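Undergrad: From the sequence below, what's the structure:
(one chain, ligands or ions: 1)
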Amino acid sequence: MTYEDIFAKCNTDAGYFGAFRAAGDRTFTMPVIDSVPGSKMTIAGKQYIMWSINNYLGLAGHEEVKQAAKEALEIWSTSGPMGSRMMSGNTPEHIALEEGLADFAQKESSILFNYGYLGVIGTVASLVGPDDVIVMDKLAHASIVDAAISAVSDRRKLRVFKHNDMDSLEKILKQVNEKRKGGVLVLTEGVYGMTGDLAKLDEICALKDKYEARLFVDDAHGVGVMGKNGVGTGEYFGVQDKIDIYFGTFAKAFASIGGFSAADKPVTEWIRYNSRTQVFAKSLPMIYVKSLQKTLELVRNGADRRKKLFHISDKLSEGLKALGFYVGDVKSPIIPVFVPGGDPKIGMEWILFLRNKGIFTTAVMYPVIPKNFVEFRIIPTADHTDEDVEKTLEAFKCLRDEMKMDLNLDPKDIRRLYGEEE
Ligand SMILES: Cc1ncc(COP(=O)(O)O)c(C=O)c1O
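TA: Numbering: from 1, shown residues only. Next up is the predicted model:
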């Protein structure tokens, strides 16, 4: 008798993005990028205007942040402190950064994580017990989905509402309360990273209060960017105080690595002692902790950077709309350009066309979005210039005309793209 080898699938084109893996692709997936992050990047000797990195405030490579990291490096090397926070990795600097983040996020307390992804999982899984129910938006990021799956022991305790659909959310909250034995945690992003739309946090907060649930907001793309002071999407809607757990990663506007959950102190203390993804992991190295203190200061004083970011974002999205592209109702800095696209090969041709013109964007296709569409996901930053926008619009105009693109999306297509319809 012979048995199936667990590695057998590795020699096929199965799995996530399997066709690309099997073809050894390094152009559309895992492009090899030999340049530091910025609005212009040189890749394999060619210069591009880069619209594919979440360096929203242009803080990647900031001299003062580098200086803070260098000073920490001299003392702590690349790894110090050693050990988990619980044992030997806790320092006054970690505590000071947490206090600074809590103050920024307008919460009583906060807790650091080494990665945003692990922070979402650690936070949610630490709080949800066998009687509790999770209610999650359908378009939630993979980290939220993985958090929800790892938190519930019984899949029936995980309920999914239609993307940003308040009737769907209310219906589920009502149903859950009919048989409720434990707590209820609603999970949503603040700014949806793939579609650029905002969670209706004002309405979600009203519903979670009405049905006595708690709310976790992963504001990976909103923290540092949205709202008058860049606090995030909660500030934008005027409901930051109603969010029970506010989560941010450092991988985007903060241009670093790690993340934090901010909440009332008993809640962050619970997470601190129960979050397996951080309790059983080494603490964040001091080069990050010290440089993040500087970054937080820059984010707090970042009004001009936010103004510039939204100027670039508005100019680009208005220009694309004028060319006939569908860009959604953009209130965040993520510009989703959706085009009916048929075969993924066509999408790849379009991306190559833009790259030949020196424009680097990511194309998002099935299985991330529904079949037969291509999304150019454009991410403006405070580092981009008006000239970058003009060159990019010119390239999109050529793409539209030379590739004879059909730009028409009917309302049903749009609802499908936003996960509101099957
Ligand atoms: C909504 C959201 N949550 C969490 C993460 C994970 O953050 P990190 O890259 O810091 O692990 C991301 C990153 O893409 C994200 O977009």
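Undergrad: Name the SS class of Val160, please.
TA: The three-state label given to Val160 by DSSP: H, G, I helix; E, B strand; the rest coil is strand.
Undergrad: show me what contacts the nearest residue to Glu349 once chain neighbours are set aside?
TA: For Glu349, ignoring the flanking residues on the chain, the nearest one in space by CB to CB, 6 or more residues apart in numbering is Met403 at 7.2 Å. The way it works is simple: take the backbone N, C-alpha and C, and place the C-beta from them, glycine included. For Met403, the contact set (CB atoms under 8 Å, 6 or more residues apart in numbering) comprises 349-350, 353.
Undergrad: Scan these and report the most crowded one.
TA: If you count neighbours using other CB atoms under 10 Å, the busiest of the contacts of Met403 is Trp350, which has 21 neighbours.
Undergrad: Would you pull up the residue in the stretch 301-422 of the chain closest to the ligand?
TA: Closest to the ligand within the stretch 301-422 of the chain is Ile334: 9.9 Å, counting by CB to the nearest ligand atom.
Undergrad: Report how many residues lie close to that residue.
TA: 24.
Undergrad: thought it was touching Gly190?
TA: No - Ile334 is beyond contact range of Gly190, at 11.6 Å (criterion: CB atoms under 8 Å).
Undergrad: Any stretches of this structure with poor pLDDT?
TA: 342, 420-422 (pLDDT under 70).
Undergrad: The residue of the chain found nearest the ligand and Ile257: what is the separation?
TA: Among the residues of the chain, Gly116 lies closest to the ligand, at 2.4 Å counting by CB to the nearest ligand atom. Per CB to CB, to the nearest Å, Gly116 is found 9 Å from Ile257.
Undergrad: cool, and Pro344?
TA: In terms of CB to CB, Pro344 sits 31 Å off from Ile257.
Undergrad: Near Val327, how many residues? Count them for me, please.
TA: Val327, neighbours per other CB under 10 Å, totals 19.
Undergrad: surely it meets Lys321?
TA: Yes - taking contacts as CB under 8 Å, Val327 lies within contact range of Lys321: 5.7 Å.
Undergrad: shared neighbours, these two?
TA: Joint contacts of Val327 and Lys321 (CB under 8 Å, 6+ apart) do not exist.
Undergrad: how deep is the closest residue to Val124 other than its chain neighbours tucked in, by neighbour count?
TA: Once flanking residues are discounted, Val124 sits nearest to Ala147: 3.8 Å by CB to CB, 6+ apart. Per other CB under 10 Å, the neighbour tally for Ala147 reads 30.
Undergrad: Please apply the same query to the one 3 residues further on.
TA: Around Ser150 there are 15 other residues, counting by other CB under 10 Å.
Undergrad: mind listing what it touches?
TA: 121, 125.
Undergrad: Using just helix, strand and coil, how would you label it?
TA: helix.
Undergrad: Tell me which stretches of the stretch 51-200 of the chain form strands.
TA: 109-113, 133-137, 158-161, 184-189 (DSSP state E, counting those that start in this stretch).
Undergrad: can you list those in JSON lines and add mean neighbour count and distance to the ligand?
TA: Listed next are the strands of the stretch 51-200 of the chain as JSON lines, based on neighbours: other CB atoms under 10 Å; distance: least, CB to the nearest ligand atom, whole Å:
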{"stretch": "strand 109-113", "mean neighbour count": "24", "distance to the ligand": "8"}
{"stretch": "strand 133-137", "mean neighbour count": "24", "distance to the ligand": "11"}
{"stretch": "strand 158-161", "mean neighbour count": "20", "distance to the ligand": "16"}
{"stretch": "strand 184-189", "mean neighbour count": "25", "distance to the ligand": "5"}
